[in-house]
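[1] Sequence first, then the predicted structure, then my questions.
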Amino acid sequence: MTTTTDARADEGYTGAVARVYDLVHQGKGKDYAGEAADLADLVTGRVPGARSLLDVACGTGLHLAHLAGRFERVEGLELSPDMLAAARRRNPSTTVHHGDMRDFSLETTYSAVTCMFSSIGHMADQGELDAALAAFAAHTEPGGVVVVEPWWFPDTFTPGYVGAAVVEAEGKTISRVSHSRLEDGATRIDVHYLVAEPGRDIEHLSESHRITLFPRSAYELAFERASLASEFLPGGPSGRGLFIGVRA
């Protein structure tokens, strides 16, 4: 017998999908500790003496767990209630705010504001992208930095891409298959999971996300409108590069 749970695009990562999210990505080799160390080095290389960092769309808080030891004050922001709850459980001594990257207001500023793992791609259009960068800039100290990991650009995206992985963790065997296609200037990615563990029915989970294929120029425009002097670094943790903006 198989049980099925769906998480649609407008719900973000919810319920059971949120619970297996970390297990799958860590099992696929995502190095949260290494990425956090590289990110901290990038920040302190541009802002010597940086003391604080806000990680926007922090997910379940795995980057936060490793960043906490590098700065005096590290906080997170997350929209999905299930991811937020996981981040707070994982980081009980760290403040994790509930909020939307497009319009949050925390009434404080940080040496750095980061938004990793291409979460910025969930902005629907240039207006939302501009709003997010404006919110990031508003929470960045003068001379501080904003670091954004973009989604693929239109000329680097591979339509029809199929990804697959099988991982074993915490007594579970999890298979993940994804299919990405082009849909009206965006990536439509459908993901299916099978989660099996002894003594329980196999569980089928699925999710669907629409991630906008912004060109590089759209990001640069959003940084400019937010009064952030930006540069683009190829590569990055996922091969999609990083945008770095400095607040004057």
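    Arrived safely, thanks for sending. All values reported here derive from a predicted model rather than from experimental measurement.
[2] Tell me which helix or strand comes right after the helix or strand encompassing residue 132.
    Using DSSP states H and E, residue 132 sits in helix 126-138. Note on helix 126-138: by DSSP H and E, the next helix or strand toward the C-terminus is strand 140-148.
[3] That following strand: which residues count as buried?
    For strand 140-148, the neighbour count (16 or more other C-beta atoms under 10 Å) marks 140-141, 144-148 as buried. (Each C-beta comes from the backbone N, C-alpha and C, glycine too.)
[4] what two of those residues have the greatest distance between them?
    Largest separation among the buried residues of strand 140-148 by C-beta to C-beta: 141 and 148, giving 17.1 Å.
[5] Give the rounded mean pLDDT of stretch 42-53.
    Stretch 42-53 carries an average pLDDT of 97.
[6] and what of stretch 105-119?
    Stretch 105-119 shows a mean pLDDT of 97.
[7] Can you point out the buried residues in the longest helix seen in the chain?
    Identified as the longest helix of the chain according to DSSP state H is helix 32-46. Neighbour counts over helix 32-46 (16+ other C-beta under 10 Å) mark 32, 35-36, 39-40, 42-44, 46 as buried.
[8] Return the alpha-carbon coordinates of the next helix or strand after it using CSV.
    Per DSSP H and E, helix 32-46 leads on to strand 52-56 as the next helix or strand towards the C-terminus. Only the C-alpha atoms of strand 52-56 are listed here, as CSV (Å, rounded to 0.1, in the frame of the first residue of the first chain):
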residue,chain,number,x,y,z
SER,A,52,25.9,39.9,12.1
LEU,A,53,24.2,38.0,9.4
LEU,A,54,20.6,37.4,8.3
ASP,A,55,19.9,34.3,6.2
VAL,A,56,16.7,34.9,4.2
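[9] quick one: contacts of strand 52-56?
    Residues outside strand 52-56 that contact it (C-beta atoms under 8 Å, 6 or more residues apart in numbering): 40, 43, 63-64, 67, 70-77, 101, 104, 106, 110-116, 119, 136, 139.
[10] which among the residues you listed end up buried?
    In terms of neighbour count (16+ other C-beta under 10 Å), the buried residues within those are 40, 43, 63-64, 67, 70-71, 74-77, 101, 104, 110-116, 119, 136, 139.
[11] Can you tell me which helices and strands the helix or strand hosting residue 164 packs against?
    In the assignment (DSSP H and E), residue 164 maps to strand 162-169. Judged by 3 or more C-beta pairs under 8 Å, 6 or more residues apart in numbering; DSSP states H and E, the packing partners of strand 162-169 are helix 15-27, strand 172-183.
[12] what pairs with it, and is each one parallel or antiparallel?
    strand 172-183 (antiparallel) (DSSP bridges).
[13] And the helix or strand following the partner strand, what does it pack against?
    Counting by DSSP H and E, the next helix or strand C-terminal to strand 172-183 is strand 186-196. Strand 186-196 makes packing contacts with helix 15-27, strand 172-183, strand 202-212 when contacts are defined by 3+ C-beta pairs under 8 Å, 6+ apart.
[14] Can you mark which positions in the last one are buried?
    Just to be clear, that refers to strand 202-212. Residues 203, 205, 207, 209-212 are the ones in strand 202-212 that count as buried (16+ other C-beta under 10 Å).
[15] Mind putting those residues into TSV with pLDDT?
    Listed next are those as TSV, based on pLDDT from 0 to 100:
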residue	pLDDT
203	94
205	94
207	92
209	94
210	96
211	97
212	98
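[16] between the residues you listed, which is nearest residue 127?
    The nearest member of the buried residues of strand 202-212 to residue 127, counting by C-beta to C-beta, is residue 212 at 11.5 Å.
[17] got a list of what the closest one touches?
    121-125, 129, 151, 185-187.
[18] Whichever of those end up buried, select them in PyMOL.
    For the buried members of those, the matching PyMOL selection, counting by 16+ other C-beta under 10 Å, is:
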select buried, resi 121+122+123+129+151+186+187
